[in-house]
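Undergrad: next come a sequence and a model predicted from it.
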Amino acid sequence: MSRIDGFGRIDRSKPLSFTFDGKTYQGFEGDTLASALLANGVSLVGRSFKYHRPRGVFSAGPEEPNALVALRSGARREPNTRATMVELYDGLVAESQNRWPSLAFDVQAVNQVFARFLPAGFYYKTFMGPFANTRLWMMFEHVIRRAAGMGSATYETDPDTYARRSVHCDVLVVGGGPSGLSAALAASETGARVILIDEHAEFGGRLRQDRYDIDGMPAADWVAKSLATLASRDTVRLLSRTSAFGYYDNNMIGCVERVTDHLAVPVDHKPRQRWWQIRAAQVVLATGALEQPLVFGNNDRPGVMLAGAVRAYLNQFGVLPGKRAVIFTSGDDAYRTALDLTAAGAQVMAVVDSRDTAQSALTQAVRDAGIEVLTGHAVVDTHGSPTLQRVDVMPLTGGTVREFTCDLLAMSGGWQPSVHLSSQTGAKPVWNAELSCFLPGVPKRPERSAGSAAGHFTLYGCLSEGSVRGLEAAKAAGFSATGTFAIPQVDIERFAPTAPLWEAPDPPPGLFGGHPKKFVDHQDDVAASDIQLAHREGYISVEHLKRYTTLGMGTDQGKTSNLTGLAIMAALRGEPIEKVGTTTFRPPYTPISIGAMGGSERGQQYKPRRRSPMHDWHDARVGEWVPAGLWDRPRHYPATPGESMRDAYIRETRQTRGSVGICDVTTLGKIDLQGPDALDFINRIYANGFSNLPVGKVRYGLMLREDGMVLDDGTVARLGETHYVITTTTANAVPVMAKIEFLLQAVWPELKVKATSVTEQYAAIAVAGPKAREVMQRVVDLDVSNAAFPFMACAPCRTKDGVPGRLFRISFSGELAYEIAVPSDYGQQVWDALMAAGREFDIVPYGLEALGNMRIEKGHVAGSELDGRTTADDLGLGKMLSKKKDFIGKALAFRPGMTGETRKKLVGLVPVDGRSSLPNGSQIVSVDHTDPPVKMLGHVTANGFSPERNIPVALALLEGGLAREGETVLVTHPLKNIAVQARVTGPVFVDPEGKRLHD
Amino acid sequence: MFQFKCPHCGLRDANEFTYGGDATIAWPDLGASEQEWFDAVYQRENPRGPHREYWHHAGGCRQWVVVDRDTLTHEIHGCRAASETQK
Ligand SMILES: [Zn+2]
């Protein structure tokens, strides 16, 4: 154990037990998984992506590239979780990733030996080169993908729930460190509604991790006092464990709150995570800065860690990550690490500083503590297996190598402001040569950065700038300062200038020659030599560099590698860094779960379900529900529990055609059109004419798109002089209504027509079959004889028990048929009445499958033929296009190519053997030409079985159409290993003269 | 995410609206030539900057609106009822 008494903010009275790779360890409340592992002396936590090199904890925050673990087990298993961000809980289970058979002994670590076969651009070259798409590459790829990889996700359904929330505020402060707290205090003091968010469990930022006094009290007390002040203001909302991952339009910030991730299992009906959409009038980005590593030989060995992270483990968690340490830095900040380590009883062997000189109060304090400071030096190599045992230090100008025994190397390459969110708004980061970092660009939205996110790296700078920016934001949101506001008192720090060291020199060549790898991007195993290779091969722009080497393409998005990578490229190009620029910053800042994105909209909650008024009746008898748009429709009604779907729909078809059937057709779109210009409007939107349609009659109508293709079909019923009701297919009800609204509002607002969707207001029931009239006559108070109510008649009606409705004599099945529409609330009553009236005729309810089967037998087109690629002519409806009037689609419907013999047109198909079915989607080819390449002549759009003909039947779109009538073609479905000879017929299989409709 | 100031409903989220195409294209008369219709159906600019679009407040008042939107900055400069723009 490497816990140090007197350090840390963990609760030592609350021990927690957890397992890593099956072994049980102890930690404390307040630990992260990373700190608990380090406290237990576990320094090897993973294997690297490509070379399977041993890796340890690298950072203490969201930037962690190495310590990625699979957290939890079973359905809750989550791969690639950053151990530095996982709050420890009792019973936590974690596993290392990307190793086999075990973390300590990994057979694929031999990848290192073959590293020269896996250089940068390996994938790129293999994809683009002569092996691309060959069998050889497919084999390689399989092996490589297994070798180079991340953790694997669970295949089980996520058992947790997720929530979503949308809020507004005047000032949003992102980041709860010294700058963010100051900004929130200053902004909320004006009365502005303020939201302060922080991604960690505790507010305070680096104040949790460094030893400061503020206003004469320990920094932690100042944080607690500030939070108490903020909490006392009812205009302030504090959100911890909340990451702002994206900056979107209209000043909307996307955040994810990890509500119960710090617990083993979500409790009390709480969601696991909550997605916040925060719309802020003004934003303060106090997102802090990320410490950058240094690039030197074997800099990825477990035991090499960011200097600030070492202080975090010590001061926040009471963990000493090493007993003998070397500090390697290019600036003053890491000298604090030397002092803190010394205070905790560790031995600091040396501070290796790449600067020529380092004179400040801080560096002097280190020298005064008796620690050797080597300026103008660099660490050039590390040794120890699997964890650090020794480092080699050399003057930058070359010369003698000195060896230092150590188990910890704390490094600092300076701090890079977290400009991610401001960059996402399109504000390009600006290089600051004095600070050697990118600063946020000129804001493009109502936002400003504060504190170290804006390049103020002293505590005083953070506190004062935070207050100023917070107040500025509140003022910009329309508030004014009321009281006085004092900036807290802290020691003023003065640092010696930083001088970046982008890449340390190579050590003298070893016994076998060559140099150790100097890693830039630890997660993606990209070394300085890979950047040199990219440069040699001409991939010199940052965007090319990124894609060629995969630099910054890991789950950490290069938080600790992009800056160094582009600086090395700039040096190779001999150009200043600002000329090389940065890659584009994109959301999310840190990985977010798909579950949080989906929120509660999944499974049954994914979309609303529409149910007909007779739903419960169907539900008691249905074999299977079919989704049709948002509607549920019954597929078939088994007569006996064991009856198959195929047997059921054939029986329903036979019984309907033999006697009478009843079907719920409520889902068809119904649009009510009224007004003096209704007829004119209908004539414009339908391709066929309606001018001579009398009141009390229905006509089939065909709608085209503007480009001349068929959009939809349905019926138009004239209920009164200026009153029509039109129907659409189920799938097109919504788009057709939207289009009608568009035409009436945006194109022809002068037309006096009112359109109302009445689909849900009416239950619609079809009664079809030779006995349909007798059934209907017993239910409605209207003469439905052929003379009084002929084919295509419509009229208002009343049922015998007084339900008002509308009766239509229309037929989709090809039988004598009626459709009755009644107000939805009466749907079940009328359905029951029809069922009772039909009992003596053995009336059968039929589902979507029989409905479809009967329309196939009749050659009526439906959704699978109206696929957006068919013209009226293709469907055999070409004669419907009116020559007497203008209508939508007419101008383009007669272009060359819209008609003609080479188009695929509607035909019928029957199997030559009289029994093989012809599956939907089958490709039709010539029986004579089956050697590849085979020309596709068309496809099967719908198929069923005709009991009347006792043969499988199908509709198809076939090149040449009915010109091929009588020919034999081959219907193939290679996925189902089906090839059936079929004869081309007309598309109408039953009652081709249409006699039954008119009887 | 966009917000549109619907002339009927006020400031509403874009997810209540459905995109409805380029509003700089005028619908030709139904009797116009094939060429005019060809241009109206197929020819589109892809402007970088100010643009005019149709949106349908399908999840609200069901009115079509004409929105002035900058495709570069996503700023919304105006939102009027489509029926008003035709008068
Ligand atoms: Zn509206």
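TA: Great, that's in hand.
Undergrad: tell me, what residue is most central in chain B?
TA: Central residue of chain B (Cα atoms, centre = their mean): residue B:54, 1.5 Å from the mean position.
Undergrad: helix, strand or coil for that one?
TA: strand (DSSP: H, G, I helix; E, B strand; the rest coil).
Undergrad: what kind of secondary structure is the closest residue to it other than its chain neighbours in?
TA: Closest residue to residue B:54 apart from its sequence neighbours, by Cβ to Cβ, 6 or more residues apart in numbering or on different chains: residue B:20 at 3.5 Å. From N, CA and C alone the C-beta is placed, and that goes for glycine too. Judged by three-state DSSP, the three-state class of residue B:20 is strand.
Undergrad: how deep is residue B:20 tucked in, by neighbour count?
TA: 21 (other Cβ atoms under 10 Å in any protein chain shown).
Undergrad: quick one: it and residue A:629, what's the gap?
TA: 20 Å (Cβ to Cβ, to the nearest Å).
Undergrad: before we move on, what about residue A:253?
TA: In terms of Cβ to Cβ, residue A:253 sits 35 Å off from residue A:629.
Undergrad: now the lowest-mean-pLDDT helix or strand in chain B: buried residues?
TA: In chain B, no helix or strand scores lower on mean pLDDT, DSSP states H and E than helix B:82-85, which sits at a mean of 85. For helix B:82-85, the neighbour count (16 or more other Cβ atoms under 10 Å in any protein chain shown) marks B:82, B:83, B:85 as buried.
Undergrad: that helix vs the ion: in contact?
TA: No - using Cβ under 5 Å from the ion, helix B:82-85 stays clear of the ion, with a minimum separation of 11.5 Å.
Undergrad: find the nearest non-adjacent residue to residue A:676, please.
TA: residue A:752 (5.0 Å).
Undergrad: surely residue A:213 meets residue A:219?
TA: Yes - taking contacts as Cβ atoms under 8 Å, residue A:213 lies within contact range of residue A:219: 6.7 Å.
Undergrad: of those two, which one has the most company?
TA: residue A:219 (24 against 15).
Undergrad: please tell me the pLDDT value assigned to that one.
TA: What the model reports for residue A:219 is a pLDDT of 96.
Undergrad: quick one, what contacts residue A:720?
TA: residue A:695 (Cβ atoms under 8 Å, 6 or more residues apart in numbering or on different chains).
Undergrad: just give me the neighbour total for residue 49.
TA: Using chain A here. Around residue A:49 there are 25 residues (other Cβ under 10 Å).
Undergrad: please refer instead to chain B.
TA: Neighbour tally, residue B:49, other Cβ under 10 Å: 9.
Undergrad: for residue A:559, same thing?
TA: Residue A:559, neighbours per other Cβ under 10 Å, totals 24.
Undergrad: ok, it to residue A:552 distance?
TA: 9 Å.
Undergrad: helices of chain B, start to end?
TA: Ranges of helices in chain B, per DSSP state H, are B:34-42, B:82-85.
Undergrad: which parts of chain B sit against chain A?
TA: Counting by Cβ under 8 Å from any Cβ of the partner chain, the residues of chain B close to chain A are B:1-3, B:18, B:20, B:23, B:27-34, B:36-38, B:40-42, B:54, B:56, B:58, B:62-64, B:66, B:73-74, B:81-83, B:85-87.
Undergrad: try 7 Å
TA: For chain B, the residues in contact with chain A (Cβ under 7 Å from any Cβ of the partner chain) are B:1-3, B:18, B:20, B:27, B:30-34, B:37-38, B:41, B:54, B:56, B:58, B:62-64, B:74, B:82-83, B:86-87.
Undergrad: measure how buried residue 6 is and give me the count.
TA: All of this is about chain A. 7.
Undergrad: that answer is for a different chain, and I need it for chain B
TA: Neighbours around residue B:6, by other Cβ under 10 Å: 21.
Undergrad: next one: it from residue B:64, what distance?
TA: 10 Å.
Undergrad: quick revisit: just the pLDDT for the residue nearest to residue A:676.
TA: Taking residue A:752 on its own, its pLDDT is 98.
Undergrad: how close does the spatially most central residue of chain A sit to residue A:162?
TA: By Cα atoms, centre = their mean, chain A has its centre lying nearest to residue A:594, at 5.9 Å. Distance from residue A:594 to residue A:162, counting by Cβ to Cβ: 9 Å.
Undergrad: what's the neighbour count on residue 18?
TA: All of this is about chain A. 22.
Undergrad: please refer instead to chain B.
TA: 16.
Undergrad: ditto for residue A:166
TA: Residue A:166 has 12 nearby residues by other Cβ under 10 Å.
Undergrad: check the one 3 residues further on too.
TA: Using other Cβ under 10 Å, residue A:169 is surrounded by 23 other residues.
Undergrad: tell me which parts of chain A are close to chain B?
TA: A:248-250, A:252, A:684, A:706-707, A:738, A:741-742, A:745-747, A:749, A:886-888, A:890-892, A:895.
Undergrad: tell me which of those residues fall in strands.
TA: A:248, A:252 (DSSP state E).
Undergrad: just the buried ones among the residues of chain A next to chain B, please.
TA: A:248, A:250, A:252, A:684, A:706-707, A:738, A:741-742, A:745-747, A:749, A:887-888, A:890-892.
Undergrad: near the ion, which residues of chain B are found?
TA: So chain B meets the ion at B:6, B:8, B:9, B:57, B:60, B:61 (Cβ under 5 Å from the ion).
Undergrad: now these: which count as buried?
TA: Applying 16+ other Cβ under 10 Å to the residues of chain B next to the ion flags B:6, B:57, B:60 as buried.
Undergrad: these two touch, right, the last one and residue B:11?
TA: Translated: residue B:60. No - contact status for residue B:60 versus residue B:11: not in contact, 11.3 Å apart, counting by Cβ atoms under 7 Å.
Undergrad: out of the residues of chain A next to chain B, which sit inside helices?
TA: Short answer: these in helices (DSSP H) are A:684, A:738, A:741, A:742, A:890, A:891, A:892.
Undergrad: for the fourth one, give me the pLDDT.
TA: It stands for residue A:742. pLDDT, residue A:742: 98.
Undergrad: got it, and the second one?
TA: The confidence metric pLDDT takes the value 97 at residue A:738.
Undergrad: what is the burial count for the residue nearest to it when sequence neighbours are not counted?
TA: Computed as Cβ to Cβ, 6+ apart, the closest residue to residue A:738 that is not its neighbour in sequence is residue B:56, at 5.7 Å. The local packing of residue B:56 (other Cβ under 10 Å) involves 23 other residues.
Undergrad: what bridges to residue B:56?
TA: residue B:18, residue B:64 (DSSP bridges).
Undergrad: quick one, what contacts it?
TA: Listed by Cβ atoms under 7 Å, 6 or more residues apart in numbering or on different chains, the contact set of residue B:56 reads A:738, B:17, B:18, B:20, B:64.
Undergrad: need the max-distance pair from the residues you listed.
TA: A:738 and B:17 (11.3 Å; Cβ to Cβ).
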